[in-house]
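Visitor: prediction below, plus the sequence it came from.
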Amino acid sequence: MAAAAAKIAPSMLSSDFSNLATEAQRMLDCGADWLHMDIMCSHFVPNLTIGAPVIESLRKHTKAYLDCHLMVTNPLDYVESFGKAGASGFTFHIEAARENWNELIQKIKAKGMKPGVSLKPGTPIEEVYPLVEGENHVDLVLVMTVEPGFGGQKFMPEMMDKVRRLRQKYPSLDIEASHSLFLGPIASFLCFSVAI
């Protein structure tokens, strides 16, 4: 199998939401391959962001790959609405789907989206191996290098060991590393994911 190609997926979390279509096009014009959409429910993480209606509205303005990262308690409850809204990828957290990940992956695929799995910094990387190796497998693993929920946190470099281990074990797998970067007093926090 060929090695996975590197992709840049800037998070739209720091965007001007009143101008999301323009912000998305600006990211694509700057070379983004995908647009990373951070979905938070205020239960799995202590923050609330966008939902399927925003994805549906943005889809009307772009053909870009909408890489939806759901930081939610019951990801199965969101599959139908995000599939209908036009999400390209649906990445859920293993911590929220330990009991039903196989059913979840099947439903994501049935709605025409690519399934991905994410893990918090404290979750052992081995927990995602069955989701990558199974007959009904995910297409992407997102390694969080900060605790999910807020931008602007300090990068945890020790999480890159998880990325290295995944790459060694699965050379053709899409692997994302997600974190925030503080650009100084003249800029806001930039949240981004890089598929390595």
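Guide: Thanks, I have the structure now.

Visitor: mind exporting stretch 136-152 as PDB, just the C-alpha atoms?
Guide: Taking C-alpha atoms only, stretch 136-152 is exported to PDB below (Å, rounded to 0.1, in the frame of the first residue of the first chain):
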ATOM      1  CA  ASN A 136     -15.500  -2.500   9.000                       C
ATOM      2  CA  HIS A 137     -12.700   0.000   9.700                       C
ATOM      3  CA  VAL A 138     -12.100   3.700  10.000                       C
ATOM      4  CA  ASP A 139     -10.300   5.700   7.300                       C
ATOM      5  CA  LEU A 140      -8.600   8.100   9.700                       C
ATOM      6  CA  VAL A 141      -7.300   8.500  13.200                       C
ATOM      7  CA  LEU A 142      -7.100  11.900  14.900                       C
ATOM      8  CA  VAL A 143      -4.600  12.100  17.700                       C
ATOM      9  CA  MET A 144      -5.400  15.000  20.000                       C
ATOM     10  CA  THR A 145      -2.300  16.900  21.200                       C
ATOM     11  CA  VAL A 146      -4.400  19.000  23.500                       C
ATOM     12  CA  GLU A 147      -7.400  18.200  25.600                       C
ATOM     13  CA  PRO A 148     -10.500  18.600  23.400                       C
ATOM     14  CA  GLY A 149     -12.800  21.500  24.000                       C
ATOM     15  CA  PHE A 150     -10.900  24.800  23.700                       C
ATOM     16  CA  GLY A 151      -8.400  26.300  21.300                       C
ATOM     17  CA  GLY A 152      -5.200  27.900  22.600                       C
END
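
Visitor: now do the strands in the chain.
Guide: Counting by DSSP state E, the segments of the chain that form strands are 7-10, 34-40, 65-71, 89-93, 114-119, 140-144, 174-182, 189-195.

Visitor: so who does the most centrally placed residue in the chain touch?
Guide: For the chain, the residue nearest the mean C-alpha position is residue 69 (3.3 Å; CA atoms, centre = their mean). The neighbours of residue 69, taking CB atoms under 8 Å, 6 or more residues apart in numbering as the test, are 36-39, 91, 116, 118, 142, 178, 193. C-beta here means a position set from N, CA and C on the backbone, and glycine is covered the same way.

Visitor: just the buried subset of those, written out for ChimeraX, thanks.
Guide: A single ChimeraX command selects the buried members of the contacts of residue 69 (16 or more other CB atoms under 10 Å):
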select :36,37,38,39,91,116,118,142,178,193
